[in-house]
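Q: Kindly return the folded structure for what I paste below:
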Amino acid sequence: MRVLVTNDDGIGAPGIRALALAAASRYDVVVAAPQDEASGMSAALSAVVSDGQIVVRRADISGLSAYGVAASPAYIVVLASLGAFGPPPDLVLSGINRGANAGRAVLHSATVGAALTAANNGMRAMAVSLDVLNPLVPGSVASGGNAIVLPSDDVLHWETAATTAMTLMDSLIAAPAGTVLNVNVPDRPAVAELREASLAWFGQAGLAIAEAGEGFVRTAIERVDEPMVPGTDLALLAEGYATVTALRPPAAVSGVPIPAQRPATA
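A: Presented below is the predicted three-dimensional model:
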């Protein structure tokens, strides 16, 4: 089983190192991730090209085959499927993301976008995220009172998320081709009980207008303040559970009334 490990936080992020090392204990692993952070890119296919070439540099992750690529996570998955980093992978792991990817906001996540791109190319994939959202900072001027403060990377429990991901590997491998598991793990030393979850209607955080003036708009990231719906990923995370949600790439929807096609008239 050959596994590609990628992310959107960049090749130097601690989350990808933890996930890659956990997977390498069981599988043939290659690591390829953006040279720099590429969050919020969904499944965008973008790259930095020099003289017609996408820039790829070797990276150091404990002796693993690892590459920093000047491209978006989804593009990296496509490159890997074409054999750019050795034999094409059978399975893709994306993460560990710094912050939960939950609710329908996963549409915008490059962590999830990489996994969905893998599924769209016939592979199985898992997106893994660590819920690191701290309590709100009251009265923050910059964000209108809903500022989000993230703890330092070195105090986060990346290994907990990696261990949780490994417990799901057998199920993912046995699932139909094109399956994506979206996994969110609480930031704590011990592995939390895992629950299947539906997607909340919203995400943990969203954009807000911090300031607008003549010729400019400045935005801020704020925590979304919406009621929790039992059984959704955000509600279960708030209760201290790890969550898993099966996703699929975009597909046609049946049953929607569409006007009948009419022949073109002269």
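Q: Might you report the residue contacts of residue 192?
A: Neighbouring residues of residue 192 by CB atoms under 8 Å, 6 or more residues apart in numbering: 160, 164, 185, 186, 240, 241, 242. C-beta coordinates here come from the backbone N, C-alpha and C atoms, glycine included.
Q: My guess is residue 115 contacts residue 94. True?
A: Yes. When contacts are counted by CB atoms under 8 Å, residue 115 is listed as touching residue 94 (4.8 Å).
Q: Overlap of the contact sets of these two?
A: What both residue 115 and residue 94 touch, as defined by CB under 8 Å, 6+ apart, is the set 125, 126, 127.
Q: Mind listing the residues bridging to the second one?
A: Translated: residue 126. residue 93, residue 181 (DSSP bridges).
Q: rewinding a little: most neighbours among the contacts of residue 192, please name it.
A: residue 185 (28 neighbours; other CB atoms under 10 Å).
Q: May I have the residues that are in contact with the nearest residue to it once chain neighbours are set aside?
A: With CB to CB, 6 or more residues apart in numbering as the criterion, residue 185 has its nearest non-adjacent residue at 4.1 Å, and that residue is residue 161. Residue 161 is in contact with 15, 18, 19, 95, 96, 128, 129, 130, 183, 185, counting by CB under 8 Å, 6+ apart.
Q: any idea where the helices of this structure begin and end?
A: 14-24, 73-81, 110-120, 158-167, 169-174, 233-238 (DSSP state H).
Q: The first one - contacts with which helices or strands?
A: Using 3 or more CB pairs under 8 Å, 6 or more residues apart in numbering; DSSP states H and E as the contact definition, the elements that helix 14-24 packs against are strand 2-6, strand 28-34, strand 91-98, strand 124-131, helix 158-167.
Q: Kindly recompute the last result at 10 Å.
A: If contacts are counted by 3 or more CB pairs under 10 Å, 6 or more residues apart in numbering; DSSP states H and E, helix 14-24 sits against strand 2-6, strand 28-34, strand 65-69, strand 91-98, strand 124-131, helix 158-167.
Q: picking that back up, between the contacts of residue 192, which is closest to residue 50?
A: residue 185 (37.5 Å; CB to CB).
Q: Correct me if wrong: that closest one contacts residue 241.
A: Yes. Counting by CB atoms under 10 Å, residue 241 is a contact partner of residue 185 at 9.4 Å.
Q: Now do the shared contacts for these two.
A: Common neighbours of residue 185 and residue 241, using CB atoms under 10 Å, 6 or more residues apart in numbering, are 192, 194.
Q: pLDDT below threshold where in the stretch 151-266 of the chain?
A: Scanning the stretch 151-266 of the chain for pLDDT under 70 picks out 206-207, 220-223, 266.
Q: where exactly do the strands run in it?
A: 180-186, 194-196, 205-213, 216-223, 242-247 (DSSP state E, counting those that start in this stretch).
Q: nearest to residue 50, of the helices of the chain?
A: Short answer: helix 73-81, nearest of the helices of the chain by CB to CB, at 15.2 Å.
Q: So what's the residue count around the nearest residue to residue 44 once chain neighbours are set aside?
A: Closest residue in space to residue 44, ignoring its immediate chain neighbours: residue 72 at 4.9 Å, by CB to CB, 6+ apart. Close neighbours of residue 72, defined as other CB under 10 Å, add up to 24.
Q: mind listing what residue 72 touches?
A: 6, 8, 34, 38, 41-47, 78, 110, 113-114, 117.
Q: What distance do you get for residue 180 to residue 250?
A: 12 Å (CB to CB, to the nearest Å).
Q: Find the residues that touch each one of the two.
A: Shared contacts of residue 180 and residue 250, counting by CB under 10 Å, 6+ apart, come down to 116, 120.
Q: show me what contacts the spatially most central residue of the chain?
A: When CA atoms, centre = their mean is applied to the chain, the residue found nearest the centroid is residue 111 (2.0 Å). Going by CB under 10 Å, 6+ apart, residue 111 touches 6-9, 15, 38-42, 73, 94-99, 101, 127-129, 182.
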